[in-house]
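**Student:** This is a predicted model, with the sequence first.
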Amino acid sequence: MRAVHTPGKMRLSSAFTLLEVLVSCAVLTMLLMMLASVTRHAGDLWTSGSARVEAFQGARAGFENMTRLLSQATLNTYWDYDNPNNPTRYIRKSELHFLVDDAAVILGGNNYYGQAVFFQAPGNFNASTTTGTTSGGVRDSLTGLLNACGFFVEYSSDAGRGWLPSGLDVQPKERYRLMMWLQPSQELSIYSDGTNSRAWLDRASQEAVPVADNIIVLAVWPKEPDRQAVRTLPDQYHYDSREGAASVPQPPNANQLPPLVQVAMVAIDEASALRLGDRLKSTIDGCLAGLFEANPSTRFESDLQKLEENLARERINYRVFTSVIPLKEAKWSPNQ
């Protein structure tokens, strides 16, 4: 403050100098800029977080649907004579089938990734479009009927597959997808399989529909409890309940469900897929090379970690979904 002399007294002026006003404006401007920057950064974080959640919502829903159905897998195993005409012993029998194997081996082709799993479960899905009526004396609304189910990862275009909504200008695209096959109860052909134990899968790849985009791999490992002292299942990503069913003695897998199935599913976001463009398949194939092929007991976790490192190196945003699923209908007995 500066002193102002007036006749008879001295008083102080309440006005600011020009320099003080300029300094105050500069400080206020800096504070406003800092506040705007913090607000913008918080908004960007919120938008980015929301986008990530939305990007993987489909993947999470697909994973939960798959694990729910898989936990209900059944074989309806029973004991019967090995040969009704000339019985010598009791063996486990079943008309159903539980199969885990390399997806490319089961389905044929190099556009399938990781393992595929096929089984029967009460999916309550039939081909009728009416409810509460009868067809041929069978009520259409019956529940608890078995369906053939299957899940696998496929890389393909959605052009000409009947997946895109009609009447909309939606461009087809090539993506990795989690595919689901759910065969209606009326069409279940597992019982009259004949000599080919996998003939019931012939229509799986044509009838499967996508349940989630940008799923790059599905790893399925049938296993025994970690606390089990003696291991009877081979250390591999393979399980066939019909394999060796006629052997003497029967192997543990014959007409039995595995007690546990460990599943890992890896998803990337659409933004990463768009950024890679034409390099999507070659980049992801490189990230997956040599992983989830053998010795899951020692390599399952390390292969998963290696894939995460590969994706991070390519600056690909990803999410890993894992679960150990107890099969409710498993009556596991490692011995005959």
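**Tutor:** That came through fine. Numbers count the residues shown, from 1 in each chain.

**Student:** Enumerate the positions of the helix or strand hosting residue 275 that are buried.
**Tutor:** Assigned by DSSP states H and E, residue 275 falls within helix 270-276. The neighbour-count criterion (16 or more other C-beta atoms under 10 Å) identifies 270, 272, 273, 276 as the buried residues of helix 270-276. Quick note: C-beta positions are derived from backbone N, CA and C, even for glycine.

**Student:** Rounded mean pLDDT for that helix, please.
**Tutor:** For helix 270-276, mean pLDDT is 93.

**Student:** Spatially nearest residue to residue 261, not counting backbone neighbours?
**Tutor:** residue 325 (4.8 Å; C-beta to C-beta, 6 or more residues apart in numbering).

**Student:** Ok, residue 326 next?
**Tutor:** residue 260 (5.8 Å).

**Student:** Check residue 297 too.
**Tutor:** Nearest-residue entry for residue 297: residue 235, 4.8 Å, with adjacent residues in sequence omitted and distances by C-beta to C-beta, 6+ apart.

**Student:** Quick one: residues contacting that neighbour.
**Tutor:** Residues touching residue 235, when contacts are defined by C-beta atoms under 8 Å, 6 or more residues apart in numbering, comprise 295, 296, 297, 298.

**Student:** quick one: secondary structure of it?
**Tutor:** Here residue 235 is coil, with the state taken from DSSP: H, G, I helix; E, B strand; the rest coil.

**Student:** Would you mind measuring from it to residue 300?
**Tutor:** Distance, residue 235 to residue 300, by C-beta to C-beta, to the nearest Å: 10 Å.

**Student:** about what we covered before: helix or strand for the residue nearest to residue 261, which one?
**Tutor:** Taking DSSP H and E as the criterion, residue 325 maps to strand 318-326.

**Student:** strand partners of that strand, parallel vs antiparallel please.
**Tutor:** If you go by DSSP bridges, strand 318-326 pairs up with strand 260-268 (antiparallel).

**Student:** re the thing from before, out of the buried residues of helix 270-276, name the two that are farthest from one another.
**Tutor:** Maximum pairwise distance among the buried residues of helix 270-276 (C-beta to C-beta): 10.8 Å, between 270 and 276.

**Student:** Strands of the stretch 1-150 of the chain, start to end?
**Tutor:** For the stretch 1-150 of the chain, applying DSSP state E, counting those that start in this stretch gives strands covering 3-6, 9-12, 78-81, 90-93, 99-102, 112-121, 134-135, 138-139, 147-157.

**Student:** Deepest-packed of those strands, please.
**Tutor:** strand 112-121 (a mean of 25; mean count of other C-beta atoms under 10 Å).

**Student:** Good, we can wrap up now.
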